[in-house]
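>>> Below is the structure, and that's it, no one-letter string:
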């Protein structure tokens, strides 16, 4: 995991970042969470947008018994509306809008 974190931190190739964040398990691994959190504050717009949309996908997954992951995703999304790029802001707002329609998300 540390090697993946180092690769994400140093690469200029967004394809590697997208592949890495797409396959990680965010339900328990704290280093996986650090990787996506780092990319959410990246200088690369494409990576920030991709990670924001990935958080939206995570909210859609059946996490009925895992309040921690829902809280973690919502905490990451809260900062997105302050992003400098309008596409990232819109993606975060869409995720929040959909989460508001989900009884499970609203119960946490």
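Good, I have the coordinates. Remember, predicted model here, so these are calculated numbers, not experimental data.

>>> What's the local residue count around residue 24?
Residue 24 is surrounded by 16 other residues when neighbours are defined as other C-beta atoms under 10 Å. (C-beta placed from N, C-alpha, C; glycine too.)

>>> do the same with the one 10 residues further on
Residue crowding around residue 34 was assessed by other C-beta under 10 Å; the count is 13.

>>> helix or strand for it, which one?
The secondary structure element spanning residue 34 is helix 30-40 (assigned by DSSP states H and E).

>>> which outside residues touch that helix?
When contacts are defined by C-beta atoms under 8 Å, 6 or more residues apart in numbering, helix 30-40 is touched by residues 1-2, 4-5, 8-9, 17, 20-21, 24-26, 47-48, 50-52, 54-55, 72, 76, 79-80.

>>> which helices and strands sit right next to the host helix or strand of residue 97?
With the criterion set as DSSP H and E, the secondary-structure element containing residue 97 is helix 86-100. Contacts of helix 86-100 with other secondary structure elements, assessed using 3 or more C-beta pairs under 8 Å, 6 or more residues apart in numbering; DSSP states H and E, are made with helix 45-60, helix 67-78, helix 103-107.
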